[in-house]
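Engineer: Return atomic coordinates for the entry below.
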Amino acid sequence: MARRDFPARQRLLALALEGCFFFGLAPLGLAGLAPISLGWLMLAAGGLLILARMAIALWSSAVHFSLGRGTPLHVMATQVLIIEPPYAYTRNPMALGTIAGYFGLGLILQSVGALAIVVFLSGMLLIYIRRVEERELAERFGTAYQAYKQGTPFLLPRVRSRPTDPSV
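Structural biologist: Below you'll find the model as predicted:
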């Protein structure tokens with residue numbers, strides 16, 4: 001766990017390396033697994049999931065970099081608890097985006113094997129977040145994190161219904 005501020009140049013380099021892995025090497029690793037035919041609708045859905053993943057990753061990384069004065073990487077962790085969007089909607093937007101993006105890649109590759117790997121690794125990621133990251137955040141940010149945790153969903157954003165006006 002990082003307990004110091006890193007210069008912007010080091011944080012940008014860390015983000016670039018992380019991006020190369022998550023947007024380059026990891027997707028290539030899924031490319032050769034057992035193909036299935038899902039049709040154009042699934043290809044389109046996969047593409048939308050990948051675009052959503054990219055948007056969430058960029059948004060979350062920008063918030064980590066600017067407001068949190070860190071990166072999503074543990075070696076350069078944020079220095080303040082981030083509760084602004086996208087973290088106001090879900091405590092784990094990066095995990096949500098990663099799972100959605102790799103699932104979308106599995107759809108585009110039309111690969112049962114890739115989809116199975118994504119499901120398995122997603123489960124492992126979520127267990128890690130629950131057991132390791134949440135404990136570390138509770139230690140670092142104390143009661144502020146506990147309050148945030150109680151009011152913000154773990155992974156899937158809460159769909160808020162519009163309040164009803166009793167006078168209408």
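Engineer: Going by C-alpha atoms from here, please, whenever you check contacts or count neighbours.
Structural biologist: OK.
Engineer: wait, doesn't Gly70 sit right on Gln10?
Structural biologist: No: the pair Gly70 / Gln10 is not scored as a contact, 9.7 Å apart, by CA atoms under 8 Å.
Engineer: hey, what's in contact with both of those two?
Structural biologist: Residues touching both Gly70 and Gln10 (CA atoms under 8 Å, 6 or more residues apart in numbering): none.
Engineer: who's more crowded, the two?
Structural biologist: Gly70 (31 against 13; other CA atoms under 10 Å).
Engineer: what's the more buried one sitting at in phi/psi?
Structural biologist: Main-chain torsions, Gly70, degrees, to the nearest 10: phi -160, psi -150.
Engineer: Please tell me how far it sits from Arg140.
Structural biologist: For Gly70, the distance to Arg140 (CA to CA, to the nearest Å) stands at 14 Å.
Engineer: Would you tell me which helix is longest in this structure?
Structural biologist: helix 39-66 (DSSP state H).
Engineer: looking at the protein, which helix or strand is least sure?
Structural biologist: helix 26-30 (a mean of 61; mean pLDDT, DSSP states H and E).
Engineer: about what we covered before: packing partners for the longest helix of the chain?
Structural biologist: Contacts defined by 3 or more CA pairs under 8 Å, 6 or more residues apart in numbering; DSSP states H and E place helix 39-66 against helix 8-20, helix 93-109.
Engineer: orientation of that helix relative to helix 93-109 in degrees?
Structural biologist: Put simply, helix 39-66 runs at 150 degrees to helix 93-109, going by axes from the mean of the first three to the mean of the last three CA atoms, to 10 degrees.
Engineer: nearest to Val75, of the helices and strands packed on helix 39-66?
Structural biologist: helix 8-20 (9.3 Å; CA to CA).
Engineer: Report the mean confidence score over that closest one.
Structural biologist: Helix 8-20 carries an average pLDDT of 69.
Engineer: Equivalent analysis for stretch 41-53, please.
Structural biologist: 89.
Engineer: which stretches of the protein have low pLDDT?
Structural biologist: 1-4, 13, 15-17, 19-38, 159-168 (pLDDT under 70).
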